[in-house]
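K.L.:
Provide a 3D model corresponding to the input given below.
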Amino acid sequence: MPNDYREIFGPDGPLARALPDYAYRPEQATMATALDAALTHLEPLIVEAGTGIGKTFAYLVPALLSGRSVIISTGTRTLQDQLYRRDVPLLARALGMPVKFALLKGRANYLCRHRLDLATAQPELPGARRPGTRLLARVARWAQTTRSGDLAELADLPEQSPIWPSITSTRENCLGQECPQFSGCHVFDARRQAQAADIVVVNHHLLLADLALKDEGFGDLLPGTDAVILDEAHQIPDIAAQFFGQSWSARKAQLLLRDCAAELQAAGVRSAPITAELAELQAALHALAEQIPGIGAARRDYSQLADKVLDALADLPAAFASLGAQLEALGAGAGTANCARRALHLQESLTLLLGMDEGAGVRWVEGSSSGWTLQFTPFEIAARLREFVESRPCAWVFTSATLAIGEDFSHFSARIGLPDARTLRIGSPFDYPRQALIYLPQGMPQPQDPAYAAAFVERCAPLLEASGGRAFLLYTSYRALAEGVEALKLRFPDPPFPVLVQGQAPREVLLTRFRELGNAVLLATASFWEGVDVKGQALSIVAIDKLPFAAPDDPLLAARLEGIRRKGGNPFMEYQLPQAVLALKQGTGRLIRDPDDFGVIMIGDPRLKTKAYGRAFLEALPPCPVTTDAAVSARFLHERLALLRAG
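P.N.:
Numbers count the residues shown, from 1 in each chain. You can find the predicted model right below:
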């Protein structure tokens, strides 16, 4: 007998009886019914679930009731923790289902006891910074009591801390059963628990690593799984491209050099030739780091690198091969043997990457706080994704609030290689005509005009004054953000509201401050366009400076556009425009997160009205009244805030 989800989600159903403040939403029952069918028939399903329908419960309930083995994959660790610690156990109790569930993160989230031991006794390598001894002592004390080894338990350990890679393992440096601490391995224990569970909560990076690296003995998630449910699925194509390409990380090389020194010391081996080799490699990596774009720099095409950088990269494989051979010849135990294998792997992977066929993809380099990475991204990943989905006889469910352009899912379904998958679009239950207003200011200059940033802030000003702050100002680039910050300072030299700027603090810290202040103005870029949930009166304005077209000089974008051209397609219509439309849907979706929310969505870009493609963006916006009058927008905010205060 199929489940009656109208009854389960209904006002008299088990959820309403068990959960405080439960509200019946028929859209949940519709989505759950579709999920149930996909789970029953083990078929793919793509669902766009509008903001506010409660899609998490809509896929968790049929997953729990199915009695099947299910993997749930999320785009963020925040949602992953929420599902595992709150939503799954809550619904399991409400439904009376004795379900085993487990949380599984990537190995970089778990303490490695062996590497902690190495780090605390590690000698300093010339040219490399020693990890903080005080933080290491703090971790060592915690290591004596933790059961899971999940570093999220250490709330005061920043993710960018230099000790993080020193106390966690990677696929390359893990010693496996040869590790002296294997009996207490947190990664192994987490995977063992996941394999015994009915519901396993993972994230997209771990799932796609499992798919892409399965041939190398890493994958053990999917065998026996009946269904994979991917929340925030709009992220999947871009994350998949990372795993289906090739990469070479300076960070991995630096960690190898550090581990070599530690393992040699632990084994009581002194080798002048190896010490000299380590120092030479360290110097070579340091020299490259000074010539490659640093933190926050844009990605650069490999062909744009200077000749001396290309020559230095070409010399590295032989140096790592030499190091690997010397370490292998030592025969000094599992630790140095593992370092030898890693050195040879670095040599082989860099040789492969430097020799990749340029007709199949694009090579590019990117700097970050942890070093630089050289990558190869294939022009096409849809066929690879389709191959993985079809090779595993289970249900694949992709869901997000932004997957369709209007009613059309073809852009997303083509990117994941499933053009024939069943699709379902469920609109938001929010009363947008009552709750929100769209403001398209008149007289804006063209986006490339030097006066654009000041004009955008000037059009925002009446709204900010009417609401007393309570705004997100979302920008499409870091340069535009910097210009916006300066423009806001000039327009409001003594602002009557707190001003927060991306980069001043970690994202979650800024969001917490924004919610607590209640009347702040936050200026931010791409990372605040999605996955941000601010309910209530703290957010009454979402102002977007420009239509979010991806930077045309990004080599990743160039790769995707070239792939479309090679097939005879139209890159703008098939990729750039749909991606920008979906990004705009994500950005505008930050405003209304609750039935009692209200506010104004402002979009400064005049191309909405002057370009033929503007219609595609307008049709993707929430069904709100549209005005070009700042006074109308300000009055809307005044009136709604007055009602709120009166109530």
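K.L.:
buried set for whatever helix or strand His205 lives in?
P.N.:
Element membership for His205 (DSSP states H and E) is helix 204-212. Using 16 or more other CB atoms under 10 Å as the test for burial, helix 204-212 gives 204-212. To be clear about C-beta, it is placed using only N, CA and C from the backbone, and glycine gets the same treatment.
K.L.:
again, but for stretch 27-45
P.N.:
By 16+ other CB under 10 Å, the buried positions in stretch 27-45 come out as 27-36, 38-39, 44-45.
K.L.:
just to revisit the earlier point, could I get the buried residues of helix 204-212 as CSV with pLDDT?
P.N.:
Converted to CSV, the buried residues of helix 204-212 look like this (pLDDT from 0 to 100):
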residue, pLDDT
His204, 92
His205, 88
Leu206, 87
Leu207, 88
Leu208, 86
Ala209, 81
Asp210, 77
Leu211, 74
Ala212, 67
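K.L.:
what's the closest of those residues to Gly599?
P.N.:
Among the buried residues of helix 204-212, His204 lies closest to Gly599 (CB to CB), at 30.3 Å.
K.L.:
Where do the helices of the stretch 1-150 of the chain begin and end?
P.N.:
Applying DSSP state H, counting those that start in this stretch to the stretch 1-150 of the chain gives helices spanning 5-8, 14-18, 26-41, 55-66, 77-82, 88-95, 113-120, 133-143.
K.L.:
Show me what the first one is in contact with.
P.N.:
With contacts defined as CB atoms under 8 Å, 6 or more residues apart in numbering, helix 5-8 is touched by 13-15, 26, 28-30, 32-33, 36, 61-62, 65, 95.
K.L.:
And for stretch 319-338?
P.N.:
173, 175, 178-179, 253, 259-260, 263-264, 266-267, 269, 271, 273-274, 277-278, 280-281, 284, 339-344, 346-347, 350.
K.L.:
ok, longest helix in this structure?
P.N.:
helix 307-330 (DSSP state H).
K.L.:
C-terminal to it, what's the next element?
P.N.:
Scanning onward from helix 307-330 (DSSP H and E), the first element met is helix 334-354.
K.L.:
list the buried ones in that next one?
P.N.:
Neighbour-count burial for helix 334-354 [16+ other CB under 10 Å]: 334-340, 342-347, 349-351, 353-354.
K.L.:
Once you drop chain neighbours, what's closest to Cys179?
P.N.:
Of all residues not flanking Cys179 in the chain, His114 sits nearest, at 5.1 Å (CB to CB, 6 or more residues apart in numbering).
K.L.:
what number of residues lie near that neighbour?
P.N.:
Using other CB atoms under 10 Å, His114 has 22 other residues around it.
K.L.:
same deal with Gly331?
P.N.:
Neighbours of Gly331 under the rule other CB under 10 Å: 10.
K.L.:
per-residue confidence for the residue in the chain sticking out farthest from the centre?
P.N.:
Within the chain, the residue lying farthest from the chain centre (CA atoms, centre = their mean) is Ala272, at 43.8 Å. For Ala272, the pLDDT comes out at 87.
K.L.:
measure it to Ala337 for me?
P.N.:
20 Å (CB to CB, to the nearest Å).
K.L.:
can you check Asp594 too?
P.N.:
To Ala337, Asp594 is 57 Å away according to CB to CB.
K.L.:
Noted, bye for now.
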